[in-house]
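Q: could you look at this predicted model? Sequence included:
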Amino acid sequence: MIEPMTIEALHRSYTNGATSVGTLLRDCLARARNDSHQAWISLLSDEQLETYIINLEGHSPADLPLYGIPFAIKDNIDLADLPTTAGCPDYSYQPSEHAFVVAKLIAAGAVPIGKTNLDQFATGLVGTRSPYGECHNSINGDYVSGGSSAGSAVSVADGQVVFSLGTDTAGSGRVPAAFNNILGLKGSIGRISCRGVVPACKSLDCVTIFAKTSDDLAAIWPVAAQFDEQDEFARTRPELVKTMTPSFKFGVASKEQLEFFSDEAAKSCYEQAIATLTQMGGEAVPIDLAPFSQAAKLLYDGPWVAERLAALREFFSAHQKQTLPVIQTIIGGAANYSAADAYAALYQLKALKRHADQQLARVDFIVTPTTGTIYTIDEVNADPITLNSNLGFYTNFMNLLDYSAIALPAGFRQSGTKQGLPFGITLFGPTFYEDALLSIASRWQKQLPLPLGALKAQPQTIDLCVCGAHLSGMALNHQLSNKGAKLIKQTHTAASYRLFALNEGFPRRPAMVRDTKQGTSIEVEIWQLGSEFLAEFLMGIGAPLGLGKVELEDGQWVSGFISEPCATDNAEEITHLKSWRNFKA
């Protein structure tokens, strides 16, 4: 298998003869058949795949932009080769033709591998609401994959395909991207045709694209986003649209308006993402998230749920008991709303959009967490509606307000019970803003070159708080850098420590002693060290120093260098400086 699985890498391998289209596609199909995440509902037969391979004969990347690129299709989008189930066996039908977007991708040389698992009728953000099995997170199978486009995201993250199609009504093209460490592009309503897609809320639905790189999304987007005159919701991009500049302004909500559902590690990841955008030349601008949050509540706590019933009225009336209980509850709730309720909510939404647009007009885009947290499958099964709603906190408003958005990987949680799980941010802007978002996504990936997709056999690490001579650029920092340690952040301790320079040896070793009465705040750094080096590190620490727990200025306790109180004897205290950097031994 070619690594990384990107369009550029595959085309290069095809061109230089490193692999053939047939070999690569057969390998992808075999890998999909061996999937352990329950990502697929149906796959092509060997004979069906051979037909696609034969159809590519006489072509190359020179004439087909997606030549030989394997992709997956969410199983509420039609592929003529396989049934469409929408995650419900009793609903299943055999389409006579491809969905419009699928046909365009195939015509450009892309090759479908199969249909992916989803929350039934695209109703959910968790990936557990499927009679075809709960789709497991590609990085940690105990956690949800995100939905409803669960299998589509997992198939990309696991390297079974290069890209996939999902759909997005309430966040289904973004939440699974965040949970599986990939990108998810949700264009404006109508930019990608929904003809041949089982509707959830037809006036809000968007076909979305998952991939591992912004370059892949940029190559797929113009193929997928072609105008379909037979789709009554289709729209063309205007000639003049807002573009991204090298220096940009991005909106950030106040801490009081953000919600992380007690996931402090996710909060830290988000704060680091804001710092990274600033390093890229961005200026953070405070915005009011209230109109966006209020609009989000209308999607499931308002009459838009009735549109889900409208899409399935005939089937749901005759086969309600053949749908999952949680789906019955959600769609069945449509009976509680009248046409008058729908108009009242529409007027409310119009007012909220006016305020939201005013906030958005102040910046080039707004950045939020894609989700505030992530849950285990068991947690979601125990409380499916509340936790699903929590996951939509930052996503449910997007289509109601008619915005475009892109979900980006933004690192991994460094502490807590969810340590090692990915975190993602979403950038969103006005209608028809997709090209601008893709441009900033490209800059983001260059600034933050993270490993992407499912990470196999992730090394165990420990976050280590260091001070004095172990700080960046100081004499003992090599003890960290030579072991491949990575700087996570620069911060300060709580105002409860005293710093001393031990007199013996050179360079002078720092001794940090906890003193809650006379202490001050000390400049420190947090470094991520492979746990395989921890024993070696401990053996190299001489008395009176050791490793213990250090309290940071934000109240968090982390592992770090501490000292016995006897360090204060015959040692020089740094009393007039908070930083070792200015101390001259």
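A: Alright, I've got the coordinates.
Q: now residue 141, nearest residue through space, not along the chain?
A: In space, and not counting its chain neighbours, residue 141 is closest to residue 37: 6.9 Å by Cβ to Cβ, 6 or more residues apart in numbering. C-beta here means a position set from N, CA and C on the backbone, and glycine is covered the same way.
Q: for the one you found, pull up the helix or strand it's in.
A: Taking DSSP states H and E as the definition, residue 37 sits outside all helices and strands.
Q: ok, now which ones touch residue 378?
A: residue 142 (Cβ atoms under 8 Å, 6 or more residues apart in numbering).
Q: checking my notes, it in a helix, right?
A: Yes. Assigned with DSSP: H, G, I helix; E, B strand; the rest coil, residue 378 falls within a helix.
Q: still on that earlier bit, gap between the residue nearest to residue 141 and residue 146?
A: 12 Å (Cβ to Cβ, to the nearest Å).
Q: quick one: common contacting residues for the two?
A: residue 137.
Q: so these two - more neighbours on which side?
A: Between residue 37 and residue 146, counted using other Cβ atoms under 10 Å, the more crowded position is residue 146 (34 against 24).
Q: could you check the pLDDT of the closest residue to the more buried one other than its chain neighbours?
A: Excluding the flanking residues, the one nearest residue 146 by Cβ to Cβ, 6+ apart is residue 176, at 3.4 Å. pLDDT recorded at residue 176 is 98.
Q: list the contacts of the helix or strand hosting residue 176.
A: For residue 176, the host element (DSSP H and E) is helix 175-179. Residues from elsewhere that reach helix 175-179 (Cβ under 8 Å, 6+ apart): 125, 127, 137, 143-147, 149-150, 152-154, 166, 183-184, 210, 370-371, 374, 391-392, 395, 407, 409, 421-424, 426.
Q: swap the cut-off to 6 Å and go again
A: Applying Cβ atoms under 6 Å, 6 or more residues apart in numbering, the contact partners of helix 175-179 are 125, 137, 145-146, 149-150, 153, 183-184, 210, 370-371, 374, 391, 407, 424.
Q: closest to residue 413 out of these?
A: Proximity of the contacts of helix 175-179 to residue 413 (Cβ to Cβ) peaks at residue 374, which lies at 8.7 Å.
Q: helix, strand, or coil at that closest one?
A: Following three-state DSSP, residue 374 is assigned to coil.
Q: now do the phi/psi pair for it.
A: Phi and psi for residue 374, reported as degrees, to the nearest 10, are phi -140, psi 150.
Q: how about the contacts made by it?
A: Taking Cβ under 6 Å, 6+ apart, we find residue 374 in contact with 143, 179, 421.
Q: then residue 345?
A: Neighbours of residue 345 in contact, by Cβ under 6 Å, 6+ apart: 298, 302-303.
Q: again, 8 Å this time
A: By Cβ under 8 Å, 6+ apart, the residues touching residue 345 are 298, 302-304.
Q: name the helix or strand for it, please.
A: helix 339-360.
Q: next, the buried residues of that helix.
A: For helix 339-360, a neighbour-count test (16 or more other Cβ atoms under 10 Å) marks 345, 349, 352-353, 356, 359-360 as buried.
Q: quick one: the helices in the stretch 251-400 of the chain?
A: 264-279, 290-301, 305-319, 325-332, 339-360, 377-382, 384-391 (DSSP state H, counting those that start in this stretch).
Q: one step back: which one of the contacts of residue 345 is nearest residue 132?
A: Nearest to residue 132 out of these is residue 304 (Cβ to Cβ; 26.6 Å).
Q: thought the closest one was touching residue 202?
A: No. Using Cβ atoms under 8 Å as the test, residue 304 is too far from residue 202 to be in contact (10.9 Å).
Q: between those two, point out the one with more neighbours.
A: Using other Cβ under 10 Å, the more surrounded residue of residue 304 and residue 202 is residue 304, with 24 against 16.
Q: which ones are touching the more buried one?
A: Residue 304 makes contacts with 201, 204, 298, 345, 400, as judged by Cβ under 8 Å, 6+ apart.
Q: how many residues are close by the closest residue in space to residue 225 that isn't next to it in sequence?
A: Nearest residue to residue 225 in three dimensions, chain neighbours excluded: residue 191, at 4.8 Å (Cβ to Cβ, 6+ apart). When neighbours are defined as other Cβ under 10 Å, residue 191 has 23 of them.
Q: and the pLDDT for the closest residue to residue 510 other than its chain neighbours?
A: Of all residues not flanking residue 510 in the chain, residue 468 sits nearest, at 2.4 Å (Cβ to Cβ, 6+ apart). On pLDDT, residue 468 comes in at 80.
Q: thought residue 468 was touching residue 474?
A: Yes. With contact defined as Cβ under 8 Å, residue 468 counts as touching residue 474 (7.0 Å).
Q: between these two, which is the more surrounded one?
A: Set side by side, residue 468 and residue 474 show more neighbours around residue 468, with 27 against 18, by other Cβ under 10 Å.
Q: what values do phi and psi take at the more buried one?
A: Taking degrees, to the nearest 10 as the convention, residue 468 sits at phi 50, psi -120.
Q: oh, and call the first residue 80 from now on, that's how I've got it
A: Got it, first residue is 80 now, which makes that one residue 547.
Q: show me what contacts it?
A: 553, 555, 578, 580, 587-589, 591, 659, 662.
Q: repeat that with 10 Å
A: Contacts for residue 547 were tallied using Cβ atoms under 10 Å, 6 or more residues apart in numbering; they are 553-555, 578-581, 586-591, 601-603, 640, 653, 658-660, 662.
Q: only the buried subset of these, as a PyMOL command please.
A: Those of these that count as buried under 16+ other Cβ under 10 Å are selected in PyMOL with:
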select buried, resi 553+578+579+580+581+587+588+589+590+591+601+602+603+640+653+659+662
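Q: from the contacts of residue 547, which land in strands?
A: When DSSP state E defines the strands, the subset of the contacts of residue 547 inside them is 578-581, 589-591, 602-603, 640.
Q: what is the nearest of these to residue 194?
A: Relative to residue 194, and with distances defined as Cβ to Cβ, the nearest of the ones in strands among the contacts of residue 547 is residue 603, at 51.3 Å.
Q: grab the nearest non-local neighbour of the closest one.
A: Residue 603 sits nearest to residue 546 (Cβ to Cβ, 6+ apart), 4.8 Å away.
Q: can you check residue 281 too?
A: In space, and not counting its chain neighbours, residue 281 is closest to residue 390: 6.0 Å by Cβ to Cβ, 6+ apart.
Q: this completes my enquiry, with thanks.
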